[in-house]
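A.B. asks: I would like the atomic coordinates for the input below:
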Amino acid sequence: MNDPEKQVLKALDTYKSAVLAKNAETFMHLYDTDVRVFDTWGVWSYEGAAAWRVAVEGWFSSLGTETVRVTFDDVKISGEPSFAAMTAVARYAAFSAAGEELRSMQNRITWVLKSRGHVLRVVHEHTSVPIGFEDTKAILNREGKA
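C.D. replies: Predicted coordinates for the structure are as follows:
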């Protein structure tokens, strides 16, 4: 495994732990100041870290006493020292304060990362889910992989 792969895997671990802790500061350290985020929910795009931070803080504060555990499957990374790309399937599972799983969803996530000060930071994030042909509803879990 080369250094860009290690950096991206470390960033994924940071993402998971920051979401679990609802720590927006740590979460935002993954992103470049000029990041562009195409999120799955509600808004066409977030332009810049300041706009993305508002969305992230809103997400974390909306959880109340719930926590969210993120896992990544089918991670694929390609990179060089100053540039990398990552694709994966992310699962977001919400848990009650008592530890009971309340709900979950999966989506596809792509990161484009660029080196800033010898650290790869996300300059573009794209999350999506497929849309059903018959009902045009979002498909939030892969078949057989819920």
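A.B. asks: And the helices in the protein?
C.D. replies: If you assign secondary structure with DSSP state H, the helices in the chain sit at 3-21, 24-28, 49-62.
A.B. asks: looking at the ones you listed, which is closest to residue 111?
C.D. replies: Taking Cβ to Cβ, helix 3-21 is the member of the helices of the chain nearest to residue 111, at 7.4 Å. To be clear about C-beta, it is placed using only N, CA and C from the backbone, and glycine gets the same treatment.
A.B. asks: Same question for the closest one: list its buried residues.
C.D. replies: Neighbour-count burial for helix 3-21, counted by 16 or more other Cβ atoms under 10 Å, picks out 4, 7-8, 11-12, 15-16, 18-19.
A.B. asks: of those, closest to residue 73?
C.D. replies: Checking these against residue 73 by Cβ to Cβ gives residue 12 as the nearest, at 11.2 Å.
A.B. asks: Compute the distance between the closest one and residue 100, please.
C.D. replies: Between residue 12 and residue 100 the distance, using Cβ to Cβ, to the nearest Å, works out to 25 Å.
A.B. asks: Which neighbouring elements make contact with the biggest strand by length in the chain?
C.D. replies: With residue count as the measure and DSSP state E as the assignment, the chain has strand 101-116 as its longest strand. For strand 101-116, the elements it packs on are helix 3-21, strand 83-95, strand 119-128, judged by 3 or more Cβ pairs under 8 Å, 6 or more residues apart in numbering; DSSP states H and E.
A.B. asks: Surely residue 20 touches residue 67?
C.D. replies: Yes. Residue 20 sits in contact with residue 67 when judged by Cβ atoms under 8 Å, with a separation of 5.7 Å.
A.B. asks: residues in contact with the closest residue to residue 4 other than its chain neighbours?
C.D. replies: Across the structure, with Cβ to Cβ, 6 or more residues apart in numbering as the measure, the residue nearest residue 4 apart from its sequence neighbours is residue 79 (3.1 Å). Residue 79 is in contact with 2, 4-5, 7-8, 85, 113, 120, counting by Cβ atoms under 8 Å, 6 or more residues apart in numbering.
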